[in-house]
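A.B. asks: build me a structure from this.
(one chain, ligands or ions: 1)
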Amino acid sequence: MTLDLGVLISGRGSNLQAILDAIADGRLDATVRLVVSNKPGVLGLARAEAAGVPTKVLSHKDYPDRASFDAAMVAALAPAGVQWIVLAGFMRIVTNVLLDAFPSRVINIHPSLLPSFPGVSAQAQALARGVGISGCTVHLVDSGTDTGPILGQAAVPVLAGDTEETLSERILVREHQLLVHVLSAISTGNLDLPMALGVESLS
Ligand code: GRF
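C.D. replies: Here you go, the predicted structure:
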């Protein structure tokens, strides 16, 4: 089944790029129907445009509350033929307005091994807590913050001397792999929940 994706971003868009690259080289049977950013001028929008993907900027600041912002996103995403939503570095909490429009079809990528370290600055939270292993999680979105059913996880070691930046970079490599892996499994009907990509080699 080809996945008709709507990808929501707020910035750099490297996870969006991973999806676009996987589609381009045949690893993922999907079409990105629309990219929505809540911020203008971000790198992710340029990445979408370079791939010929339609984009739309909807600033949350133009709406009185989260629900009306989400209603505007649904009004853009649904007519574009979007069936699945991917939150790829989208830094807004979504409401039931979006979740009800795409039931059990909103996916998030988060840079920690949930349920540890939900919310913002997950990598800094992991360093502050002193964990030896961290990673990333792809999960279905529910009305909580990073609480929905886990679809897949990948782990990386936390190394001596790691900074928030170095740990984030190590996790990001796995984010790109995991997100494509889970989306591909959904498209082929092979999603055996939950799936793990395993722990990155410690050597
Ligand atoms: C990623 O670390 C993602 O897990 C988090 O925000 C970051 C977005 O990166 N939610 P990018 O915009 O996909 O490059």
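A.B. asks: show me which residues of this protein sit near the ligand.
C.D. replies: Applying Cβ under 6 Å from any ligand atom, one finds that the chain approaches the ligand through 9, 11-15, 44, 88-89, 109-111, 172, 175. The way it works is simple: take the backbone N, C-alpha and C, and place the C-beta from them, glycine included.
A.B. asks: now with 5 Å, please.
C.D. replies: Proximity of the chain to the ligand, by Cβ under 5 Å from any ligand atom, involves residues G11, R12, G13, S14, N15, A88, G89, I109, P111.
A.B. asks: and the fifth one, that's in a helix?
C.D. replies: Right, the one you point to is N15. Yes - remark: N15 belongs to a helix, assigned using DSSP: H, G, I helix; E, B strand; the rest coil.
A.B. asks: what sits against the closest residue to it other than its chain neighbours?
C.D. replies: In this structure, N15 finds its nearest non-sequential neighbour in A88, 3.9 Å apart by Cβ to Cβ, 6 or more residues apart in numbering. A88 is in contact with V7, L8, I9, G13, N15, L16, I19, G44, I109, L179, counting by Cβ atoms under 8 Å, 6 or more residues apart in numbering.
A.B. asks: which residues of this protein fall in strands?
C.D. replies: Ranges of strands in the chain, per DSSP state E, are 3-9, 30-37, 55-57, 84-87, 106-110, 133-140, 150-157, 195-199.
A.B. asks: and the angle from the longest helix along the chain to strand 3-9?
C.D. replies: The longest helix of the chain (DSSP state H) is helix 164-188. Orientation check (axes from the mean of the first three to the mean of the last three Cα atoms, to 10 degrees): helix 164-188 against strand 3-9 gives 160 degrees.
A.B. asks: most neighbours out of the contacts of A88, which is it?
C.D. replies: Scoring the contacts of A88 on neighbours with other Cβ atoms under 10 Å, the highest-scoring entry is V7 at 29 neighbours.
A.B. asks: and stretch 13-29, average pLDDT?
C.D. replies: Regarding stretch 13-29, the rounded mean pLDDT is 98.
A.B. asks: re the thing from before, out of the contacts of A88, who's nearest S187?
C.D. replies: Nearest to S187 out of the contacts of A88 is I19 (Cβ to Cβ; 11.5 Å).
A.B. asks: how much space is there between the nearest residue to G189 once chain neighbours are set aside and the ligand?
C.D. replies: Using Cβ to Cβ, 6+ apart and skipping residues adjacent in sequence, the residue nearest G189 is M1, 7.0 Å away. Remark: distance between M1 and the ligand (Cβ to the nearest ligand atom, to the nearest Å) = 24 Å.
A.B. asks: hang on, M1 packs against S187?
C.D. replies: Yes - using Cβ atoms under 8 Å, M1 is in contact with S187, at 5.6 Å.
A.B. asks: more neighbours: these two, which one.
C.D. replies: Using other Cβ under 10 Å as the criterion, M1 and S187 rank with S187 on top: 17 against 10.
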